[in-house]
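pasting a predicted model and its sequence here:
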Amino acid sequence: MQAPSVGGVRVRKGDGQTIRLSRGASLTDFAEKIGADAASLVQVLFALGEMVTATQSVNDEILQILGDELNYDVQVVSPEDEDRELLESFQIEFGNDEGDETDLTARPPVVTVMGHVDHGKTKLLDAIRSANVVDKEAGGITQHIGAYQVATEVDGTERRITFIDTPGHEAFTAMRARGAQATDIAVLVVAADDGVMPQTVEALNHAKAAGVPIVVAVNKIDKPDSDPTKVRGQLTEYGLVPEEYGGDTMFVDVSAKSQLNIEGLLESIVLTADASLDLRANPHQAAEGIAIEAHLDRGRGPVATVLVQRGTLKVGDSMVAGPAYGRVRAMLDEHGDPVSQADPSRPVLVLGLTAVPGAGDNFMVVSDDRMARQIAEKREARERNAALAQRAGRRTLEDFMQHMEKGETDELLLILKGDGSGSVEALEDALSKIDVGDDVALRVIDRGVGAITETNVMLAAASNAVIIGFNVRPQGKATEVADREGVDIRYYSVIYQAIDEIEAALKGMLKPEFEEAQLGRAEIRQIFRSSKIGNIAGCMVTSGSIRRNSKARLLRDGAVVADNLDLSSLRRERDDVTEVREGFECGLTLKGFNDIKIGDIVETFEMREIPRA
């Protein structure tokens, strides 16, 4: 049986079979699944307007287009599902607690401290863990990511809390962009004398996007010009309503410098965890968790700070963390002391890996080194392919129109950065007033003052958002990161230009509306028979004009006999013409329709798009 032609290329079509492909698969992978030649698939895509090589990693959309064209149901397997299937092939269960309810025990909450620069995040952690970290750091700025566990007494019971110390919230978002959810609770530090600042709002938006409970630490209350009430009022505008105002967010007044009410903050964290979360894990299974941070140490090799989420990690275990693997040679706690094992919610420094894992990479303990190496190598190959396809998979403003043409309801997510808070507020206010119907929504997930940072780019990558820069430009490596992640950044200096372009994009996401516009009417006075083209109607144009290639309907005794016909040819005497006006005679044919009679009326019309208000 000869293969049918698709776009001029001989390729055997499927009959709706399901094909599973990993994200970032190439046309060679597709061809192997259907038993075809990869070169022929390249030609098929070329005929569809896509230029792709046989070995190039392509995004999900191109795989779906090719599947539709060849009549295959293409299912793109997400990295998480692929990882799960990979582990199933090794008969390893990851991401779930093994055993039944009786095996689960309470675990400490994992807390991330976030907030504006110089509002006292590191000093607060310093006060909490009673270790002078600030003096060891250049300029008092947090230079590395650390994780620490402290103990506090609540209702006569000792409770432990794990703190992840991040430089602001960059790592928090970087891990979320990788699909990791390490944090249970976010502590938002706000200085009582400064109030809510741009990075405070930025940190708040990152915490809300991750969907974690928030405890607000109002710091520096011992300063003469402090105003904790003002902070509460400001944060109420952003949706954080204090418990004393009838809300559900705990606000705690503290002073990191004077070590005031630190125990009260720890108690609030424990109470929030008990009220909002069910924090339990099985400590008896093989250890699983997440790599918070890793670096290459000159003397010790790859060193990773890992957070155990379930199970117990022991020295000597064979583990795999993302594309890295190895045997745990030693574990250190936050004070640099060696530990032999780490239970759930316990952060430790692990030595013995072959490579440096990324922030947010999952780790697990497996039975032997050989299995760890195999899993790591497959993970590395998968991540490389997914990264190659990732850039094309990110969204730009132009992409939305294609989604709406398919009838999908869509939402445009924006991150706004400007040169002043007034201009950012004005831009957000103007954008929020754009109304193009219920099919399309616009949502600003973050806004701020100052240059576009890597943090903004990572949040856009994690949330599939577009960044709008108003009189600002990227700083540092933000442009490089945006290029790597495929994030769309738009720059504007005139506010109306930004509004017009966003509105145009939103309207482009809508399905166009059309209305019928009547062109003319002609009465059939005579019929000519032709063996080649069928019946030809000799007509007199009674109103308007008759145009070639317009749509037509046939009326007989006032009733519609045929509708939505194509007026395929139009002649005046012996000449082909494009239009015949009222009062003139013409000859015309209706494509594929020959049932015409003398006295019938041919009515022509066209569909015109209605401009949206």
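Alright, I've got the coordinates. Remember, predicted model here, so these are calculated numbers, not experimental data.

make it CA atoms for all contacts and neighbour counts henceforth
OK.

in the protein, what residue sits furthest out from the centroid?
In terms of distance from the mean C-alpha position of the chain, Gln526 ranks first, at 64.2 Å (CA atoms, centre = their mean).

rounded mean pLDDT for the helix or strand containing it, please.
Using DSSP states H and E, Gln526 sits within strand 514-530. For strand 514-530, mean pLDDT is 88.

using PDB, list the CA coordinates for it.
Extracted as PDB, the C-alpha positions of strand 514-530 are listed here (Å, rounded to 0.1, in the frame of the first residue of the first chain):
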ATOM      1  CA  PHE A 514     -18.300  39.700  11.300                       C
ATOM      2  CA  GLU A 515     -21.500  41.100   9.800                       C
ATOM      3  CA  GLU A 516     -23.000  40.600   6.400                       C
ATOM      4  CA  ALA A 517     -22.800  43.500   4.000                       C
ATOM      5  CA  GLN A 518     -25.100  43.300   0.900                       C
ATOM      6  CA  LEU A 519     -23.400  44.200  -2.400                       C
ATOM      7  CA  GLY A 520     -26.100  43.900  -5.000                       C
ATOM      8  CA  ARG A 521     -29.000  42.000  -6.700                       C
ATOM      9  CA  ALA A 522     -29.300  40.600 -10.200                       C
ATOM     10  CA  GLU A 523     -32.400  39.000 -11.900                       C
ATOM     11  CA  ILE A 524     -31.800  35.900 -14.100                       C
ATOM     12  CA  ARG A 525     -33.300  36.800 -17.600                       C
ATOM     13  CA  GLN A 526     -31.800  33.900 -19.600                       C
ATOM     14  CA  ILE A 527     -29.900  30.600 -19.100                       C
ATOM     15  CA  PHE A 528     -27.100  29.300 -21.300                       C
ATOM     16  CA  ARG A 529     -26.000  25.700 -21.200                       C
ATOM     17  CA  SER A 530     -22.300  24.800 -21.300                       C
END
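
right, and the helix or strand after it?
strand 534-547.

buried stuff in the helix or strand following that next one?
Following strand 534-547 in sequence order, the next helix or strand is strand 551-556 (DSSP H and E). The neighbour-count check on strand 551-556 (16 or more other CA atoms under 10 Å) flags 551-555 as buried.

a markdown table for the residues you listed, including distance to His206 and pLDDT?
Shown next, in a markdown table, are those (distance: CA to CA, whole Å; pLDDT from 0 to 100):
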| residue | distance to His206 | pLDDT |
| --- | --- | --- |
| Lys551 | 54 | 90 |
| Ala552 | 57 | 92 |
| Arg553 | 58 | 91 |
| Leu554 | 62 | 92 |
| Leu555 | 64 | 91 |
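
between those residues, which sits nearest Ile65?
The closest of the buried residues of strand 551-556 to Ile65 turns out to be Lys551 (CA to CA; 30.8 Å).

okay, now the unreliable bits of the stretch 301-450 of the chain?
Applying pLDDT under 70 to the stretch 301-450 of the chain flags residues 359, 383-410, 420-422, 436-439.

list the buried residues of the strand holding Gln526.
Buried residues in strand 514-530, counted by 16+ other CA under 10 Å: 519-524, 527.

touching that strand from outside, list them.
Strand 514-530 has contacts (CA atoms under 8 Å, 6 or more residues apart in numbering) with 535-547, 596-610.

what's the angle between that strand and strand 551-556?
With axes from the mean of the first three to the mean of the last three CA atoms, to 10 degrees defining the directions, strand 514-530 sits at 70 degrees from strand 551-556.

adjacent strands (with direction) for strand 514-530?
Next to strand 514-530 in the sheet, as set by DSSP bridges, lie strand 534-547 (antiparallel), strand 601-609 (antiparallel).

now Asp557, nearest residue through space, not along the chain?
Spatial nearest neighbour of Asp557, excluding adjacent residues (CA to CA, 6 or more residues apart in numbering): Asp600 at 7.5 Å.

what sits against the one you found?
523-524, 554-557 are the contacts of Asp600 under CA under 8 Å, 6+ apart.

columns distance to Gly476 on top of those residues, output as TSV?
Output for the contacts of Asp600, formatted as TSV (distance: CA to CA, whole Å):
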residue	distance to Gly476
Glu523	73
Ile524	74
Leu554	68
Leu555	70
Arg556	74
Asp557	76
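
between all of those, which two are separated the most?
Using CA to CA, the contacts of Asp600 span at most 12.6 Å, a distance reached by Ile524 and Asp557.

how near is the closest residue to Arg373 other than its chain neighbours to Ser550?
Using CA to CA, 6+ apart and skipping residues adjacent in sequence, the residue nearest Arg373 is Tyr325, 6.0 Å away. Computed as CA to CA, to the nearest Å, the Tyr325 to Ser550 distance reads 68 Å.

how long is stretch 562-581 end to end?
Length of stretch 562-581, first residue to last, CA to CA: 23 Å.

buried ones in it?
Quick answer for stretch 562-581 (16+ other CA under 10 Å): 565-572, 580-581.

point out the other helices and strands that the helix or strand hosting Ser40 packs with.
According to DSSP H and E, Ser40 maps onto helix 38-47. Under the contact criterion of 3 or more CA pairs under 8 Å, 6 or more residues apart in numbering; DSSP states H and E, helix 38-47 touches strand 9-10, helix 27-34.

tell me what angle the helix or strand following the shortest one forms with helix 27-34.
For strand 9-10, the following helix or strand on the C-terminal side (DSSP H and E) is strand 18-22. Direction vectors for strand 18-22 and helix 27-34, defined by the same axes, to 10 degrees, enclose an angle of 150 degrees.

average pLDDT for strand 18-22?
The model assigns strand 18-22 a mean pLDDT of 81.

and it, which strands flank it?
In the sheet, strand 18-22 lines up against strand 73-77 (parallel) (DSSP bridges).

helices of the stretch 351-500 of the chain, residue ranges please.
369-393, 399-405, 421-432, 454-463, 478-485, 495-508 (DSSP state H, counting those that start in this stretch).

can you redo those as a markdown table with mean neighbour count and distance to Val440?
Shown next, in a markdown table, are these (neighbours: other CA atoms under 10 Å; distance: least, CA to CA, whole Å):
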| stretch | mean neighbour count | distance to Val440 |
| --- | --- | --- |
| helix 369-393 | 18 | 21 |
| helix 399-405 | 16 | 9 |
| helix 421-432 | 15 | 12 |
| helix 454-463 | 24 | 17 |
| helix 478-485 | 17 | 25 |
| helix 495-508 | 17 | 7 |
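
nearest to Leu265, of these?
Across the helices of the stretch 351-500 of the chain, Leu265 has its closest neighbour in helix 454-463 (27.3 Å, CA to CA).

for the closest one, packing partners?
helix 170-177, strand 410-418, strand 466-470, helix 478-485.

thinking again about what came up before, the residue nearest to Arg373: what secondary structure?
Three-state assignment for Tyr325 (DSSP: H, G, I helix; E, B strand; the rest coil): strand.

residue contacts, it?
Tyr325 sits next to 318-319, 353-355, 369, 372-373, 376 when contact means CA under 8 Å, 6+ apart.

of the residues you listed, just say which sits nearest to Ser26.
Ala376 (21.1 Å).

and the closest one, how close does it get to Val365?
Shown here: Ala376 relative to Val365, a distance of 12 Å by CA to CA.

what's the overlap in contacts for the two?
Shared contacts of Ala376 and Val365, counting by CA under 8 Å, 6+ apart, come down to Val320.

start and end of stretch 291-310, how far apart?
Stretch 291-310 has its terminal residues 13 Å apart, counting by CA to CA.

and the residue found closest to Arg447 once you drop the neighbours it is linked to in the chain, what does it touch?
Leaving out its chain neighbours, the residue that sits closest to Arg447 by CA to CA, 6+ apart is Leu416, at 4.5 Å. The contact partners of Leu416, by CA under 8 Å, 6+ apart, come to 424, 428, 444, 446-448, 467-470.

what is the nearest of the residues you listed to Arg160?
Once CA to CA is applied, the member of those that ends up nearest Arg160 is Asp446, at 32.9 Å.

please report how far the nearest residue to the closest one once chain neighbours are set aside lies from Lys597.
Leaving aside its sequence neighbours, Asp446 sits nearest to Ile415 (CA to CA, 6+ apart; 4.8 Å). Per CA to CA, Ile415 is found 64 Å from Lys597.
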